[in-house]
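Engineer: Quick one, structure for this:
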Amino acid sequence: MYLARRTLLTKPAWSVSALLPDPTTPAETSQGPGALQVADLTRLHRLANLAPDTTAEASTLIKDINDLNHFVSHVKELDLTNVEPLVSLTLPSVYDYPLPETVSNSTTAIVRTPSPTKQ
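Structural biologist: This next block holds a predicted model:
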C-alpha cells in the first residue's frame with residue numbers, strides 16, 4: 001500500500017496548463033463571447049483614470065485577462081451541492097473579543113466603556 005501511494009505521487013494526474021487555453025491557438029480564435037476586447041480595456045482605463053497602455057502592453061494584458069477568465073470558467077463548473085459554505089476566511093482577531101471593563105497595572109487603573117456587542 002505504501003509503495004502504491006509513493007508511485008501515485010511521483011507522476012501528477014493533471015496540470016494547470018490543461019486548464020488554460022491552448023498556447024498554439026491564435027488569440028483571435030481562442031476568445032469566447034465573454035472575452036475582453038480592446039474597447040473594454042480602454043473603457044476600464046478611462047474609468048480607473050489610468051493612462052492607456054501601449055498596443056503591445058494592451059494586447060499582453062488582454063491575453064492574460066482572457067487566460068484567467070478561461071481558468072475561472074473551469075472553477076465555475078465544479079459541483080458544490082454537498083459542500084458546506086465557509087463561515088469565515090480569516091482567523092479570529094484580538095479585536096473580535098470584547099475588552100474587559102477594567103484593565104489595571106501596577107500604578108494605575110484604566111476604566112473602559114463596554115464595547116458594543118457584535119451582531
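Engineer: which stretches of this protein form helices?
Structural biologist: For the chain, the helices defined by DSSP state H occupy 2-10, 27-30, 38-47, 55-76.
Engineer: how about those helices, which one is nearest residue 91?
Structural biologist: helix 55-76 (24.2 Å; CB to CB). Heads up, the C-betas are built off the backbone N, CA and C, glycines and all.
Engineer: for residue 94, what are its contacts?
Structural biologist: By CB atoms under 8 Å, 6 or more residues apart in numbering, residue 94 lies in contact with nothing.
Engineer: about what we covered before: format the helices of the chain as JSON lines; extra columns: mean neighbour count, mean pLDDT and distance to residue 20.
Structural biologist: Formatted as JSON lines, the helices of the chain follow (neighbours: other CB atoms under 10 Å; pLDDT from 0 to 100; distance: least, CB to CB, whole Å):
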{"stretch": "helix 2-10", "mean neighbour count": "8", "mean pLDDT": "65", "distance to residue 20": "23"}
{"stretch": "helix 27-30", "mean neighbour count": "11", "mean pLDDT": "51", "distance to residue 20": "10"}
{"stretch": "helix 38-47", "mean neighbour count": "12", "mean pLDDT": "90", "distance to residue 20": "20"}
{"stretch": "helix 55-76", "mean neighbour count": "13", "mean pLDDT": "87", "distance to residue 20": "6"}
